[in-house]
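S.K.: Generate a structure from the sequence data that follows.
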Amino acid sequence: MAWTTDELDALKRAYASGTLRVSYDGKTVEYGSADDLLKRIRTIEAEITASSGVPRAIAGYAGFGRGDR
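M.R.: Now for the predicted structure:
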């Protein structure tokens, strides 16, 4: 599904204000909880990032030694 930045912005505004009802593009959606709303925000952010062609950051582990090897 192709989400828009307008939808993402509306979701973020709703989350920031503590509202569970979001309206955008003539549609209204009511989420069951703030966690549901936050999950939708994270999903859309991930999809937009993936479709932009920008590689996601990958966490790794740094190795350190005392230099005696």
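
S.K.: for this structure, what are the low-confidence residue spans?
M.R.: Scanning the chain for pLDDT under 70 picks out 1, 54-57, 69.

S.K.: For the residue positioned nearest the centre of the chain, give me its contacts.
M.R.: Residue closest to the mean C-alpha point of the chain, counted by CA atoms, centre = their mean, is residue 42 at 2.4 Å. With CB atoms under 8 Å, 6 or more residues apart in numbering as the criterion, no residue contacts residue 42. For glycine as for every other residue, the C-beta is placed from the backbone atoms N, C-alpha and C.

S.K.: same deal with residue 38?
M.R.: So residue 38 contacts residue 15 (CB under 8 Å, 6+ apart).

S.K.: list the buried ones in the helix or strand hosting the residue nearest to the centre of the chain?
M.R.: Residue 42 is located in helix 34-51, with elements delineated by DSSP states H and E. Neighbour-count burial for helix 34-51 flags 37, 40, 41, 44, 48 (criterion: 16 or more other CB atoms under 10 Å).
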